[in-house]
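Undergrad: here you go, sequence then predicted model.
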Amino acid sequence: MDKYIFCINFGSTSSKFALYNNDQLIAEQSISHSKEELSKCSSINEQLPLRQSYAETFLEQHHMSVKDLSAIAARAGVTPPVDFGAYMINDCMVDRLFNHPLVDHAMNLTPVVAYRLAQGTDILVMTYDSCTTNQMEPVYKISGIPEIERSHMCHTENIRAVAFKTAKKLQKNYEDLNLVIAHLGGGISATAHSHGRIIDSMDSNSGAFSPERAGILPSRALAKLIYSNKFTEAELYKRLEGNGGMLAYLGTADGRDVEKMIASGNKQAELIYHAMAVQVSKEIGALSTDLLGNVDAIVLTGGLAHSKLFVDWIRERTAFIAPVTVFPGEYEMEALALGALRVLNRHEEAQIYQERG
């Protein structure tokens, strides 16, 4: 029986679409938005008509209407902490993401567009494995001052997808494994998995710098910078997430460009690229202590995992902990489709999103 699933994933400068029939990919598209295109919108919310129009055009190009679909599976936005798995997109979720966002990011528009497309139909419209899913144990939430709690924020969809792929490769159940998984993209996040649960994580706020983000910074120096009047609050946030990291040092967030610089003899490029790999390695080492050193595999994924140079730098520093497995690229769309299919086949129940008191 045909079960068409439309998957949507908005990034800060990209819109990705995929159409599946059951678990088979039929079509996919990734659109890169130029700075000129996005600059016409004064806020993230003003991008809504633009993003929705691309989604509608994708369906039209593949001769599909929303009524032909069994489900729309959308990348989850940044909500207060939720559990793993599927969530129905409802008015409460849309109101949170569009009118009361915790973070200004285009991912928040993904469920909003999905919900708008599904209006007037009875199809399943859902998110899967939100980046704010939270299974952190209490001991890992302590920051150092009571006013700030460490929180979980990672590339959950891709990380959980490769966790299941790793289990299949090892011919074991995910629930029987201890893993450390690092997603290496424009943002970097690393996670400790204990028997099917993500018990701890480090992201661009608490760990390595990444191609676009500053990572954890010396607190005294950061406090001094905040009160230096060099930046407005908005400018400083952008410096930390968007214009930080490798981009701030080298003028590019593309690892391929940096490797060309290194090949041409640019020692500064090599230093920064190597430093980023070193910091990722330190994250992996730190998270392995959450598992008491009993790690079945270290897994690297994301766009930067295509880089042999970058992966080899990490491998040489971490292989003593556990074998290093690499799944380059991203598997978010596959994860969304398979999650929706599990719900459609009643192998999993979609949860109802509601704000916790």
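TA: Noted; the coordinates are in hand.
Undergrad: can we go C-alpha only for contacts and neighbour counts from here?
TA: Noted.
Undergrad: what about the protein, any weak spots by pLDDT?
TA: Low-confidence segments of the chain (pLDDT under 70): 152-153, 357.
Undergrad: select the longest helix from it.
TA: Determined from DSSP state H, the single longest helix within the chain is helix 267-290.
Undergrad: buried stuff in that one?
TA: Neighbour-count burial for helix 267-290, counted by 16 or more other CA atoms under 10 Å, picks out 269-270, 272-285, 287-288, 290.
Undergrad: likewise for stretch 40-49?
TA: The neighbour-count check on stretch 40-49 (16+ other CA under 10 Å) flags 44-45, 47-48 as buried.
Undergrad: what would those look like in a markdown table with distance to Leu117 and secondary structure?
TA: Formatted as a markdown table, the buried residues of stretch 40-49 follow (distance: CA to CA, whole Å; DSSP: H, G, I helix; E, B strand; the rest coil):
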| residue | distance to Leu117 | secondary structure |
| --- | --- | --- |
| Ile44 | 19 | coil |
| Asn45 | 16 | helix |
| Gln47 | 16 | helix |
| Leu48 | 12 | helix |
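Undergrad: of those residues, which is the nearest to Ala263?
TA: Within the buried residues of stretch 40-49, proximity to Ala263 (CA to CA) peaks at Ile44, which comes in at 37.7 Å.
Undergrad: could you pull up phi and psi at the nearest residue to that closest one once chain neighbours are set aside?
TA: Nearest non-adjacent residue to Ile44, counting by CA to CA, 6 or more residues apart in numbering: Ala106, 6.0 Å away. For Ala106, the backbone dihedrals (degrees, to the nearest 10) come out as phi -60, psi -20.
Undergrad: wouldn't Ala106 be in contact with Ser12 here?
TA: Yes - counting by CA atoms under 8 Å, Ala106 touches Ser12, with 5.3 Å between them.
Undergrad: ok, residues contacting the longest helix of the chain?
TA: Contacts with helix 267-290, where a contact means CA atoms under 8 Å, 6 or more residues apart in numbering, come from 180-182, 190-192, 200-202, 207-210, 246, 249-250, 258-259, 261-262, 294-295, 298, 310-311, 313-314, 317-318, 321.
Undergrad: now do the buried residues in the strand or helix carrying Arg116.
TA: Per DSSP states H and E: Arg116 is located in helix 109-118. Using 16+ other CA under 10 Å as the test for burial, helix 109-118 gives 109-115, 117-118.
Undergrad: thinking again about what came up before, more crowded one of Ala106 and Ser12?
TA: Neighbour totals were compared for Ala106 and Ser12, and Ala106 leads with 23 against 14 (other CA atoms under 10 Å).
Undergrad: for that one, give its distance to Thr13.
TA: Ala106 is 8 Å from Thr13, where distance means CA to CA, to the nearest Å.
Undergrad: ok, back up a step: tell me which entries of the contacts of helix 267-290 lie within helices.
TA: When those are checked against helices (DSSP H), the matches are 246, 249-250, 258-259, 261-262, 310-311, 313-314, 317-318.
Undergrad: nearest to Arg356 among these?
TA: Of all these, Arg356 sits closest to Met246, with 37.3 Å by CA to CA.
Undergrad: give the contact list for that closest one.
TA: 209-213, 252-253, 272-273, 276.
Undergrad: quick one on the thing from earlier: helices and strands around the helix holding Arg116, which ones?
TA: Contacts defined by 3 or more CA pairs under 8 Å, 6 or more residues apart in numbering; DSSP states H and E place helix 109-118 against strand 4-10, helix 48-61, strand 71-74, helix 91-99, strand 124-128.
Undergrad: can I get the ones you listed in TSV including distance to Ser143?
TA: Compiled in TSV, these are given as follows (distance: least, CA to CA, whole Å):
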stretch	distance to Ser143
strand 4-10	31
helix 48-61	36
strand 71-74	32
helix 91-99	26
strand 124-128	28
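Undergrad: pick the most deeply packed of these.
TA: Of all the helices and strands packed on helix 109-118, strand 71-74 has the most neighbours on average by mean count of other CA atoms under 10 Å, namely a mean of 29.
Undergrad: okay, now the sheet partners of it, with direction.
TA: Note on strand 71-74: by DSSP bridges, its sheet partners are strand 4-10 (parallel), strand 124-128 (parallel).
Undergrad: relative to Asp91, which of those is closest?
TA: strand 124-128 (11.9 Å).
Undergrad: and the closest residue to Pro81 other than its chain neighbours, how far is that from Leu48?
TA: The shortest distance from Pro81 to any non-neighbouring residue, by CA to CA, 6+ apart, is to Thr132 (5.0 Å). Applying CA to CA, the value for Thr132 to Leu48 is 22 Å.
Undergrad: can you pull out the strands in the stretch 101-250 of the chain?
TA: Using DSSP state E, counting those that start in this stretch, the strands found in the stretch 101-250 of the chain span residues 124-128, 178-184, 188-194, 197-202.
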